[in-house]
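> Okay, sequence plus prediction incoming.
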Amino acid sequence: MQMDLLDNPKIKQIKSRYLLLALIPAVLLLIAFISCTTIDSGSVGIRFKKWSSDASQYGGVLGTCKGWVWYNPITQKIFEYPIYVQRKTYEPFRVNAKDASEFTMDPTIAYRLDPDKATAVFTKYRKTLGEIEDGYIRTCIYEAYRTCANQYTSDYLMSHRGEFESEVRKRLEVSLSSEGFLVEEFTSQITPPQSLAEAINAKNEAVQNALKAENKVKEAEANAKIEIAKAQGEAQALRIKGDGEAYYNRVVAQSLSPLLVQQDAIDKWDGKLPTYSGGGALPFINIGK
C-alpha cells in the first residue's frame, strides 16, 4: 500500500514541485555569488565585456565601478586597480654622463593611479599595476635618467646632485602623468664610478689638509700678534715709567734753590778741608759770596 502511494503520479509531481522550490533559492544564491562582487574604497573597478569589437566603448570597457557591483559573469569581467600610494624600489640602473663616465642609480618611487584615468590605463595596458611598474614605469625612469645624465659632466653631476635629481623628477612627472600616474616621491642613490670616487676622496683630503695648514698659519700669526702686542705693551709701560721719572727729576731740579744746594752740601760736610800735596789744609772759601 505504501509503495503504491509512492508510485502515485500526483505524489511524484508534488515532490518534484517542492524539490524545485527548494532548488530555486540555492540557484539564486549561486547566481548572486558569481554575479556580484565588491570593490574596496581604496580601489577602482573596471567593468568590461569579454568579447567586443565596439571601439567607441574603449574596446569593450563599460566604465568604472565601486562598492557592490552586479555583472554578467558569462559576458563580462571586473578588473580592480588600487588607487592608494604604491612604492617601488628598483634594481640599480647604469647610465652614462656627458663625458662617458658610468654612474649607478638606485631609484625608489612612490606613485598612485589617477582614478579619472583608470579606464584609459586599463584600455591601453590591460595589466596589473605590478606589471606596469616592471614595464612602462621602469622604462620611463630609465629614460629620464639617461636623458638628464647625458647633459651633465661627471664633476658637475656630483657637485649638483640636487639639481640632477630635480631635473629627473620633472621629466618623470611629465611622462607618467600623461599616462595617468601621479608621482608622490622620487629619490635616488647616485654612485659614481670607482675612479671618480677615488679622485673625489683625494680632492677632499687635499682640501682638508690645506684647511689644516691654513688654520696652523692663522694660529701662528695670531700667536705672533699676541707676542708683539705683549712686547709693545711692555715697551710702552717702560717708556711711561721713564717719562715719569724724568718728569720727576725735572720738577725736583727746578724746585732746588742755590741756598738749598749749599745747605745740603754743608749738611753733608764732615768738617775736614781738602788737602794738597804741599801739606796742610786748604783755606775755607766762602763760595756763597
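Done, it's in.
> where does V261 land on pLDDT?
Model confidence at V261, given as pLDDT, is 61.
> do Q57 as well
50.
> Count the neighbours of A118 for me.
A118 has 22 neighbours, counted by other Cβ atoms under 10 Å. Where you see a C-beta, it was placed from the backbone N, CA and C, and this is true even at glycine.
> let's have the chain start at 773 instead
Taking 773 as the first residue, the last one we looked at is A890.
> Starting from the helix or strand encompassing Y853, tell me which strands it pairs with and how they run.
In this structure, Y853 sits in strand 848-854 according to DSSP states H and E. Strand 848-854 has its sheet partners listed here by DSSP bridges as strand 815-821 (antiparallel).
> any idea which helix or strand comes after the partner strand?
Trace forward from strand 815-821 with DSSP H and E and the next one is strand 833-837.
> So for the helix or strand following that following strand, what gets flagged as buried?
Sequence-wise, the next helix or strand downstream of strand 833-837 (DSSP H and E) is strand 839-842. Across strand 839-842, burial judged by 16 or more other Cβ atoms under 10 Å covers V841.
> quick one: low-confidence ranges for the protein?
773-806, 824-831, 967-979, 981-982, 985, 1014-1061 (pLDDT under 70).
> Now do the strand holding Y853 and strand 833-837, the angle between them.
50 degrees (axes from the mean of the first three to the mean of the last three Cα atoms, to 10 degrees).
> Could you list the residues in contact with strand 848-854?
For strand 848-854, contacts defined as Cβ atoms under 8 Å, 6 or more residues apart in numbering pick out 809, 811-812, 814-822, 834, 837, 841, 843, 885, 890, 893-894, 901.
> so what's K899 up against?
Per Cβ under 8 Å, 6+ apart, neighbours of K899: G907.
> Would you verify that it is located in a strand?
No: assessed with DSSP: H, G, I helix; E, B strand; the rest coil, K899 is coil; it does not lie in a strand.
> Look up how far V989 lies from it.
66 Å (Cβ to Cβ, to the nearest Å).
> next one: C808
Distance from C808 to V989, by Cβ to Cβ: 84 Å.
> Those two - which one has more neighbours?
C808 (13 against 10).
> Could you report the distance from the closest residue to that one other than its chain neighbours to R819?
Distances taken as Cβ to Cβ, 6 or more residues apart in numbering put W842 closest to C808, at 5.3 Å, once the chain neighbours are dropped. With distances taken as Cβ to Cβ, W842 is found 10 Å from R819.
> same deal with Q848?
Distance, Q848 to R819, using Cβ to Cβ: 6 Å.
> residues shared between the contacts of these two?
Between them, Q848 and R819 share the contacting residues L834, judged by Cβ under 8 Å, 6+ apart.
> Give the PyMOL command for selecting the buried subset of the contacts of strand 848-854.
With 16+ other Cβ under 10 Å as the criterion, this PyMOL line picks the buried residues out of the contacts of strand 848-854:
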select buried, resi 809+811+815+816+817+818+819+820+821+834+837+841+843+885+890+893+894+901
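> Using the three-state scheme, assign the nearest residue to S807 once chain neighbours are set aside.
In space, and not counting its chain neighbours, S807 is closest to P845: 5.5 Å by Cβ to Cβ, 6+ apart. P845 carries the three-state label coil when classified by three-state DSSP.
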